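[1] what's the 3D shape of this:
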Amino acid sequence: MFEVDPIKKKYFYSNKQEQTKLNWFCYEYAFGLYNKIRNGKSLEKFRNSNTQQQLIDFCVHYSKKMKESVYMRLSGIEQAVVFEEEYVQEFYPNMKWQQIKPILKIAMEAWDELTQICVSCPNRCISEMNEYCHMFDMVEDEGE
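    The predicted model follows:
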């Protein structure tokens, strides 16, 4: 059985200085990615070959790696945010491209859904990415 909100905010910071808007964005992205994996028909085999904790850990890992792509886009090195195959292979080193491709598709869908919400969100997590995020203070993880 899956928890309602298995992605914990504490996975995205180790101290107060890391409670940035970009890390909040990554927290939200990890949760969206997790939900897409959990509900995606194309990922049933992937989902069933992992424990819930492995899926959580993967979503957190992938979300944190996406920060690299965000930085590269904002610094002008890349023209767009890139969904790297390597981000998946770092977590699943023996996974083949045929297995990675649907994961990347779901990752892009989760990204698109979140960034569509961001357009009207007043928090500006990307444009003010290094600013302190008070939402970390407002939301408590179970068991904290």
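
[2] what helices and strands are in contact with the helix or strand bottoming out on mean pLDDT in the chain?
    When each helix and strand of the chain is scored by mean pLDDT, DSSP states H and E, helix 135-138 comes last, with a mean of 86. Helices and strands touching helix 135-138, as assessed by 3 or more C-beta pairs under 8 Å, 6 or more residues apart in numbering; DSSP states H and E, comprise helix 21-39. From N, CA and C alone the C-beta is placed, and that goes for glycine too.

[3] quick one: which helix or strand includes the nearest residue to residue 28 once chain neighbours are set aside?
    Leaving aside its sequence neighbours, residue 28 sits nearest to residue 114 (C-beta to C-beta, 6 or more residues apart in numbering; 5.9 Å). Taking DSSP states H and E as the criterion, residue 114 maps to helix 97-118.

[4] what mean pLDDT does that helix get?
    For helix 97-118, mean pLDDT rounds to 93.

[5] next, the buried residues of the least confident helix or strand of the chain.
    By neighbour count with 16 or more other C-beta atoms under 10 Å, helix 135-138 contains the buried residues residue 136.

[6] try stretch 43-58
    Those would be 43, 46-47, 50, 55-56, 58, for stretch 43-58 by 16+ other C-beta under 10 Å.

[7] which of these fall in helices?
    46-47, 55-56, 58 (DSSP state H).
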